[in-house]
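Visitor: Return a 3D structure for these sequence lines:
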Amino acid sequence: MINEIIFNGMSNSELDLILTYFKPQPPTPKVIKQEIPYMNGAYDFSNIYGEQAYNERKISCKLQFVSKNRGFLYTKYSQILEWLLTNNKVRLEYSFEPGLYYMAKVESAPSWDLFAICGSLDFDFIAYPFKTSTDLEGSSQLWDTFNFETDIMQESIFNVVGTKTINLYNPGAKRITPNIICSAAMSIIKSGITYNFSIGSTKDFRVMLEKGLNNLTISGTGNIEFEFRKEVF
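Guide: This is a model prediction of the structure:
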């Protein structure tokens, strides 16, 4: 397998660049503490919403390339900057992590060195804390990226006539808000609370899939689909 990244719709190989290293750092927990006068210690609000939050992660990279002469080296450097410096976080894939991608951005211009007709660039991607699956979970999941150690084969599209109880499994490391597509008006009961959905596509941030098994009761007549991707460290 080639050591390669795909970023901003293009791989380093397409620019004749050699990826020397790709080093993702783990995200650090976001710690929110408040000290109170005359209190021993401090209140920790890091988990106030029921789930630990994380800071962005850093991915250190090094690219090397060879050109005809120094003039071409400067031209190549300009091409690389145009490729790397995006306005927003975009999809970043790494060849040795198939089936997953980062959402990342280069926030500082790469440092670079010239050696005769060779160039070397060092830079950091700043990325969303979690990696995201390239495939939707459930019915739309593809076999060629299926991981038999971590993935779950399950249905994500259901036909409902009256009332149906279903189980959805979130195999990721954090809670996920699915996109819910209904062919008719439906209601979903989760943890004893009823949520109503109209025809079409809806993302209700009150309806989150917890890590692991989720038991849902659906009422209505028609098809309902849950679109979501797992997020992992």
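Visitor: Any stretches of the protein with poor pLDDT?
Guide: 39, 41-43, 45-50, 139-151 (pLDDT under 70).
Visitor: Need the three-state assignment for the most centrally placed residue in the chain.
Guide: Central residue of the chain (CA atoms, centre = their mean): residue 132, 2.9 Å from the mean position. Secondary structure, DSSP: H, G, I helix; E, B strand; the rest coil: residue 132 is strand.
Visitor: partner residues bridging it?
Guide: Taking DSSP bridges as the rule, residue 132 bridges to residue 101, residue 231.
Visitor: Tell me which residues touch residue 22, please.
Guide: By CB atoms under 8 Å, 6 or more residues apart in numbering, the residues touching residue 22 are 3, 5, 59, 60, 61, 94, 96. All C-beta atoms are positioned from the backbone trio N, CA, C, and that covers glycine.
Visitor: Quick check: the two most widely separated of the residues you listed?
Guide: 60 and 96 (15.2 Å; CB to CB).
Visitor: For these two, indicate the residue with more neighbours.
Guide: The neighbour count for residue 60 versus residue 96, taken as other CB atoms under 10 Å, is higher for residue 60 (13 against 10).
Visitor: The more buried one reaches residue 104, doesn't it?
Guide: No: with contact defined as CB atoms under 8 Å, residue 60 does not count as touching residue 104 (11.8 Å).
Visitor: list the contacts for the residue nearest to the centre of the chain?
Guide: Counting by CB under 8 Å, 6+ apart, residue 132 has contacts 100, 101, 102, 103, 229, 230, 231.
Visitor: Residue ranges of each domain in the protein, please.
Guide: 5-133, 138-228 (automatic domain parsing).
Visitor: so how far is the first residue of the first one from its last?
Guide: Read that as domain 5-133. End-to-end distance of domain 5-133 (CA to CA, to the nearest Å): 16 Å.
Visitor: hang on, the earlier thing: with distance to residue 9 and neighbour count as added columns, please give the contacts of residue 132 in CSV.
Guide: Shown next, in CSV, are the contacts of residue 132 (distance: CB to CB, whole Å; neighbours: other CB atoms under 10 Å):
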residue, distance to residue 9, neighbour count
100, 17, 19
101, 12, 20
102, 14, 25
103, 14, 17
229, 19, 18
230, 23, 26
231, 22, 19
